[in-house]
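Asker: coords below, sequence missing:
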């Protein structure tokens, strides 16, 4: 029996349809559990330690890579000071020949040895010591500047981690409230007081918090990694470090280790600005660098006076004592006498064609450039202080607004909406919306608190010293 092409295609299509409908379930039954297991797996984070802010500062002092690199520059500067103090070593020279040229008087070659010493004049050694000593002080100030900057960033990272923990707690609390709304909607549905769509809507609200929980966990891991980098560690696992003090994000104005309470008066801007000129270690280092450059200019000018080299040479002869026909100073005398001699040499560079104008001009230009850089730094300090001061005042006002008005009012609306839905006076959408508004208000409050801490850190950085909390 012959089968036409169209009929063959129809039979093949039916067979494939049967295979997909009947054969696939067994195949899927083998694959789906693995797939579902992979989808249900959650990342396990290593959370085994708690860090206080003071302990973070101490750990950064000993292990932070930037502080260690800055500290390593101090032995280099100390070695440069030792080099500057060194007196040049004398140069020993010797000429000792062999053969007839040094054995017979007719050749007249003598042996010699001696020393030569360079004399540093015009106070060059003292000037080199001044440059090296000033550079040593500059490096010490630079270490303090780096250390303060690292501490400032540690405080910021610590606060970011505290904010991430507070945000995670917020997500968990809001999810529990969403679960309560789900329970209420389920009871109302079972009692015939609400449609099934409300139950589905409440389930969706609960499931939406799962993604926010994942985001909060990721933020915790990232902020932990940023903090550990500042503490000198190399993050190798997904770790979450717990902060010791998280009262900053509570709905109160209590004092904590991160920032002062909101009732504490902020120093006036006119009182803070003069302190920056005396306390900023980076400004001190910059001023000291200008001093180093000025000493380098003085040293460069002294190079125009050449240093003489004074030498001493001793000559002696190694002639054969009896040379026969080659030496007859007196009748019947054939012995060659020992012939020593002494020589003093003085040599120095003669600066006729070049008087070190390039070195002097370069040192002067470097000094002037550093002076201008210092003026720029002072201007930047003043501008940063005014900006940070204004941000601090705005953040304090916003936090007070949140604590006294927005948060209590938003919480009250959420509670009334949830209670109204439980009693059947309002619908689920109203309760969910009120709850979301409260969550957004809390999240904005956390942002305001972080801004308050960052503004306080900016102000500390502008002043150059930790402000009393």
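Answerer: Ah, there it is. This is a predicted model, so every value here is computed, not measured.
Asker: check which helix or strand covers the most centrally placed residue in the chain.
Answerer: With distances taken as Cα atoms, centre = their mean, the residue of the chain nearest its centroid is residue 66 (5.7 Å). Secondary structure assignment for residue 66, by DSSP states H and E: helix 65-85.
Asker: who's in contact with the next helix or strand after that helix?
Answerer: Counting by DSSP H and E, the next helix or strand C-terminal to helix 65-85 is strand 91-95. Applying Cβ atoms under 8 Å, 6 or more residues apart in numbering, the set of residues contacting strand 91-95 from outside is 111-117, 313. To be clear about C-beta, it is placed using only N, CA and C from the backbone, and glycine gets the same treatment.
Asker: how about the contacts made by the residue nearest to the centre of the chain?
Answerer: Residues in contact with residue 66 (Cβ under 8 Å, 6+ apart) are 146, 150.
Asker: could you measure from it over to residue 143?
Answerer: Distance of residue 66 to residue 143, given as Cβ to Cβ, to the nearest Å: 10 Å.
Asker: which SSE is residue 114 in?
Answerer: Assigned by DSSP H and E, residue 114 falls in strand 111-118.
Asker: rounded mean pLDDT for that strand, please.
Answerer: Averaging pLDDT along strand 111-118 yields 94.
Asker: would you mind listing the buried residues in that strand?
Answerer: Neighbour-count burial for strand 111-118, counted by 16 or more other Cβ atoms under 10 Å, picks out 111-112, 114, 116, 118.
Asker: need the residues you listed in a markdown table with distance to residue 203, can you?
Answerer: Output for these, formatted as a markdown table (distance: Cβ to Cβ, whole Å):
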| residue | distance to residue 203 |
| --- | --- |
| 111 | 108 |
| 112 | 106 |
| 114 | 101 |
| 116 | 96 |
| 118 | 90 |
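Asker: and the longest helix for the protein?
Answerer: Identified as the longest helix of the chain according to DSSP state H is helix 124-190.
Asker: what's the angle between it and helix 65-85?
Answerer: 180 degrees (axes from the mean of the first three to the mean of the last three Cα atoms, to 10 degrees).
Asker: for the record, mean pLDDT for helix 124-190?
Answerer: 89.
Asker: what's it packed up against?
Answerer: Counting contacts by 3 or more Cβ pairs under 8 Å, 6 or more residues apart in numbering; DSSP states H and E, helix 124-190 packs against helix 53-63, helix 65-85, helix 196-230, strand 242-243, helix 281-302, helix 407-423, helix 428-463.
Asker: which neighbours does the fourth one have in its sheet, and in what orientation?
Answerer: I take that to be strand 242-243. strand 50-51 (parallel) (DSSP bridges).
Asker: need the contact partners of the strand it pairs with.
Answerer: Residues from elsewhere that reach strand 50-51 (Cβ under 8 Å, 6+ apart): 59, 158, 227, 241-244.
Asker: what about stretch 366-382, distance to the chain center?
Answerer: Centroid separation between stretch 366-382 and its chain, computed with Cα atoms, centre = their mean, to the nearest Å, is 23 Å.
Asker: for stretch 385-400, same thing?
Answerer: Relative to the chain's own centre, stretch 385-400 is displaced by 26 Å; criterion: Cα atoms, centre = their mean.
Asker: list the buried residues of it.
Answerer: Buried residues in stretch 385-400, counted by 16+ other Cβ under 10 Å: 385, 388-389, 391-392, 395-396, 398-399.
Asker: of these, closest to residue 437?
Answerer: Nearest to residue 437 among the buried residues of stretch 385-400 is residue 398, at 17.4 Å by Cβ to Cβ.
Asker: mind listing what the residue lying closest to the closest one once chain neighbours are set aside touches?
Answerer: Leaving aside its sequence neighbours, residue 398 sits nearest to residue 448 (Cβ to Cβ, 6 or more residues apart in numbering; 4.5 Å). Going by Cβ under 8 Å, 6+ apart, residue 448 touches 395, 398-399, 402.
Asker: wasn't residue 351 part of a helix?
Answerer: No - assigned with DSSP: H, G, I helix; E, B strand; the rest coil, residue 351 falls outside any helix and is coil.
Asker: that one: neighbouring residues, count only.
Answerer: A total of 12 residues lie near residue 351 under the criterion other Cβ atoms under 10 Å.
Asker: state the distance from it to residue 387.
Answerer: With distances taken as Cβ to Cβ, residue 351 is found 53 Å from residue 387.
Asker: repeat for residue 289
Answerer: Residue 289 sits 26 Å away from residue 387, going by Cβ to Cβ.
Asker: thinking again about what came up before, can I get the contacts of residue 448 in a markdown table with pLDDT, distance to residue 341 and secondary structure?
Answerer: Formatted as a markdown table, the contacts of residue 448 follow (pLDDT from 0 to 100; distance: Cβ to Cβ, whole Å; DSSP: H, G, I helix; E, B strand; the rest coil):
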| residue | pLDDT | distance to residue 341 | secondary structure |
| --- | --- | --- | --- |
| 395 | 86 | 88 | helix |
| 398 | 88 | 94 | helix |
| 399 | 85 | 93 | helix |
| 402 | 86 | 98 | helix |
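Asker: state the pLDDT value of residue 20.
Answerer: Confidence score, pLDDT, at residue 20: 41.
Asker: same check, this time on the one 10 residues further on
Answerer: In this model, residue 30 is scored at 40, pLDDT.
Asker: so residue 449 sits against residue 162, correct?
Answerer: No - if you go by Cβ atoms under 8 Å, residue 449 and residue 162 don't touch, sitting 9.1 Å apart.
Asker: settle it for me: which of those two has more neighbours?
Answerer: residue 162 (27 against 24).
Asker: isn't the more buried one right up against residue 242?
Answerer: No - the pair residue 162 / residue 242 is not scored as a contact, 9.7 Å apart, by Cβ under 8 Å.
Asker: quick one, what contacts residue 302?
Answerer: 122-124, 127.
Asker: rerun that using 10 Å as the cut-off
Answerer: Counting by Cβ atoms under 10 Å, 6 or more residues apart in numbering, residue 302 makes contact with 120-124, 126-128, 356, 360.
Asker: which non-adjacent residue is nearest it?
Answerer: Excluding its sequence neighbours, the residue lying closest to residue 302 (Cβ to Cβ, 6+ apart) is residue 122, at 4.6 Å.
Asker: list the contacts for the one you found?
Answerer: Residues in contact with residue 122 (Cβ under 10 Å, 6+ apart) are 299, 301-307.
Asker: buried only: go through those for me.
Answerer: Buried residues within the contacts of residue 122, counting neighbours by 16+ other Cβ under 10 Å: 299, 301-303.
Asker: of these, which one scores lowest on pLDDT?
Answerer: Note: of the buried ones among the contacts of residue 122, the lowest pLDDT belongs to residue 303, at 90.
Asker: list the contacts for residue 144?
Answerer: 70, 281-282, 284-285, 464.
Asker: could you do residue 195 as well?
Answerer: The contact partners of residue 195, by Cβ under 10 Å, 6+ apart, come to 185, 188-189, 201, 428.
Asker: so which of those residues is the most crowded?
Answerer: Once you tally neighbours by other Cβ under 10 Å, residue 185 ends up highest among the contacts of residue 195, having 27 neighbours.
Asker: so how far is the longest helix of the chain off the chain centroid?
Answerer: On Cα atoms, centre = their mean, the centre of helix 124-190 falls 12 Å from the chain's centre.
Asker: low-confidence stretches in this structure?
Answerer: Where the chain drops to pLDDT under 70, the residues are 1-48, 245-264, 324-334, 468-469.
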